[in-house]
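>>> can't give you the sequence, but here's the structure:
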């Protein structure tokens, strides 16, 4: 069985490969933690990968309620 290809992730791969091929492209990065809240699983995974590749620590949630639980748990 062929693996399922997510068109959004496939496009992300092409864009990042194109950007990497251009030496003059300098994308910002950081060491902060970012909370991504997105109900679309494909978009959430894509944003996580992009941010993580730039050095950010990434937490994610599929809803506002789930995000609040993550924040409350990290404050405990």
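Done, it's in. All of these numbers come straight from a predicted model, not from anything done at the bench. Numbering: from 1, shown residues only.
>>> From now on I want contacts and neighbour counts done on CA atoms only, so please keep to that.
OK.
>>> Quick check: phi and psi at residue 58.
Taking degrees, to the nearest 10, you get phi -120, psi 130 for the backbone angles of residue 58.
>>> repeat for the one 3 residues further on
The main-chain torsion angles of residue 61 are listed as degrees, to the nearest 10 and equal phi -150, psi 150.
>>> Any idea how many residues pack against the closest residue to residue 9 other than its chain neighbours?
With Cα to Cα, 6 or more residues apart in numbering as the criterion, residue 9 has its nearest non-adjacent residue at 6.2 Å, and that residue is residue 46. For residue 46, the neighbour count with other Cα atoms under 10 Å is 16.
>>> and residue 46, which of the three is it?
Secondary structure of residue 46, reduced to three states by DSSP: H, G, I helix; E, B strand; the rest coil: helix.
>>> And for the residue most central in space within the chain, nearest residue in space, chain neighbours not counted?
Taking Cα atoms, centre = their mean, the centroid of the chain lies closest to residue 48, which sits 1.7 Å from it. Spatial nearest neighbour of residue 48, excluding adjacent residues (Cα to Cα, 6+ apart): residue 58 at 6.1 Å.
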